[in-house]
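S.K.: Take this sequence and fold it.
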Amino acid sequence: MKRAITAILVTITGLVLLLTFKTHATAATSPTVIASNSASGDSSSASSTNSSSTTTSTPSASSGSSSSTSGTKTVTGDSVDTRYGAVQVQITVVNGQITKAVAVQYPDQQPRDQQINSYAIPQLEQETVSVGSANIDMVSGATYTSQGYISSLQSALSKV
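M.R.: I've put the predicted structure just below:
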């Protein structure tokens, strides 16, 4: 009888401790980091978009031909080594906005590399142009290529 009562009391105590245990550091850190990254990324993108839209409108109205020649710049980012091969990105920036992104180097030696990158590279290029910064999502199943692409993209943007 004493064993049964002790077992019940230990079980109840364990349940109470388990239910009252709060993971403040883990739960608060993860959403805060995600929320602040996406919030700052969105506000930065929005600010950049608004600023470049205003800047683009003003020069276009005053002199269209001179702003298109002086505002266009093509830059190639650093070649970034990944586990499966190097990734390198080239971007074209017109009046502060990314208008074209091309992966000039990426792993394509193995059939699996070709398969993965045949869908990953176009997605990364398209998102780069639509977002207009290096704050893009990684492609599921192409983690190493995505990481290399984002790093090379960031280096290209820093050269602009």
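
S.K.: per-domain residue ranges of this structure.
M.R.: 1-70, 72-160 (automatic domain parsing).

S.K.: Excluding chain neighbours, what is closest to Ile121?
M.R.: In space, and not counting its chain neighbours, Ile121 is closest to Ala103: 4.8 Å by Cβ to Cβ, 6 or more residues apart in numbering. (Glycine included, C-beta is placed from N, CA and C.)

S.K.: Thought Glu125 was touching the one you found, still the case?
M.R.: Yes - using Cβ atoms under 8 Å, Ala103 is in contact with Glu125, at 6.5 Å.

S.K.: These two: which is more packed in?
M.R.: Neighbours were counted for Ala103 and for Glu125 using other Cβ atoms under 10 Å; Ala103 has more, 22 against 19.

S.K.: can I assume that one sits in a strand?
M.R.: Yes - counting by DSSP: H, G, I helix; E, B strand; the rest coil, Ala103 is part of a strand.

S.K.: beta partners of it?
M.R.: With DSSP bridges applied, the residues forming beta bridges to Ala103 are Val89.

S.K.: quick one: it and Ile150, what's the gap?
M.R.: 11 Å (Cβ to Cβ, to the nearest Å).

S.K.: about what we covered before: mean pLDDT lowest where, among the domains of the chain?
M.R.: Among these, domain 1-70 carries the lowest mean pLDDT, at a mean of 51.

S.K.: where exactly do the strands run in the protein?
M.R.: 72-76, 80-81, 86-94, 97-105 (DSSP state E).

S.K.: and of those, who's closest to Gly14?
M.R.: The closest of those to Gly14 is strand 80-81. By Cβ to Cβ, the value is 49.3 Å.

S.K.: Can you list the strands that the closest one pairs with?
M.R.: Paired strands of strand 80-81, defined by DSSP bridges, are strand 86-94 (antiparallel).

S.K.: And for the partner strand, what's in contact with it?
M.R.: For strand 86-94, contacts defined as Cβ atoms under 8 Å, 6 or more residues apart in numbering pick out 68, 71-80, 98-107, 128, 145, 148-149, 151-153, 156-157, 160.

S.K.: Any buried residues in stretch 74-94, and which?
M.R.: Using 16 or more other Cβ atoms under 10 Å as the burial criterion, the residues of stretch 74-94 that qualify are 76-80, 82, 84-85, 87-91, 93-94.
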